[in-house]
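K.L.:
Kindly return the folded structure for what I paste below:
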Amino acid sequence: MDRTLSKERAKALGPVVATQLDARQAEISQSFLLGNWSILYVATGEADDAYVFYSGDPMRNKYVTLWGGVALENEERDIRAWTLKNAPGIPRALANCFAWHVTKER
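P.N.:
Numbering: from 1, shown residues only. Below is the predicted model of the structure:
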């Protein structure tokens, strides 16, 4: 699992993601990358912050799904199931990481 996100990459992704989300701007503050899948944590200032899921390079591919909100610690299994259902083909390890992150680490 690659969690690195350089300032340059975040800055380059911002306008692309903003266009996809029909927002004036987007600030990317976190990234989860495994294989060709990535999840970006995005703030637009126009809606709630969201995790945006990509199968392929976000610079060239539209997002698959997005998730926002608050998850309780005991909802890890439900979040993992949601992820696997709404992001078909996502690696199980990435779905597990995301579910753990939003329920335990945040």
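
K.L.:
CA only for contacts and neighbour counts going forward, please
P.N.:
Will do.

K.L.:
Show the residue spans covered by the helices in the protein.
P.N.:
Using DSSP state H, the helices found in the chain span residues 7-20, 76-86, 92-100.

K.L.:
can you state the direction angle for the shortest one and helix 76-86?
P.N.:
Orientation check (axes from the mean of the first three to the mean of the last three Cα atoms, to 10 degrees): helix 92-100 against helix 76-86 gives 130 degrees.

K.L.:
hmm, who's touching stretch 14-28?
P.N.:
Residues outside stretch 14-28 that contact it (Cα atoms under 8 Å, 6 or more residues apart in numbering) are 10-11, 13, 40-46, 58-59, 62-63.

K.L.:
Apply 6 Å and report the result again.
P.N.:
Contact with stretch 14-28 is made by 10, 41-44, as judged by Cα atoms under 6 Å, 6 or more residues apart in numbering.

K.L.:
which of those residues are buried?
P.N.:
10, 41-44 (16 or more other Cα atoms under 10 Å).

K.L.:
So which of those are in strands?
P.N.:
41-43 (DSSP state E).

K.L.:
which non-adjacent residue is nearest the residue nearest the centre of the chain?
P.N.:
What sits nearest the mean C-alpha location of the chain, by Cα atoms, centre = their mean, is residue 39, with 2.8 Å. Distances taken as Cα to Cα, 6 or more residues apart in numbering place residue 53 nearest to residue 39, at 4.5 Å, with adjacent residues excluded.

K.L.:
Quick check: that neighbour touching residue 68?
P.N.:
No: counting by Cα atoms under 6 Å, residue 53 sits too far from residue 68 to count as a contact (11.3 Å).

K.L.:
Tell me which of the two has more neighbours.
P.N.:
For residue 53 and residue 68, the more surrounded residue by other Cα atoms under 10 Å is residue 53, and the numbers stand at 23 against 14.

K.L.:
So which bits of stretch 23-30 are buried?
P.N.:
For stretch 23-30, by 16+ other Cα under 10 Å, it's 25-28.

K.L.:
In TSV, list these along with distance to residue 104 and pLDDT.
P.N.:
Output for the buried residues of stretch 23-30, formatted as TSV (distance: Cα to Cα, whole Å; pLDDT from 0 to 100):
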residue	distance to residue 104	pLDDT
25	29	97
26	25	97
27	23	97
28	21	98
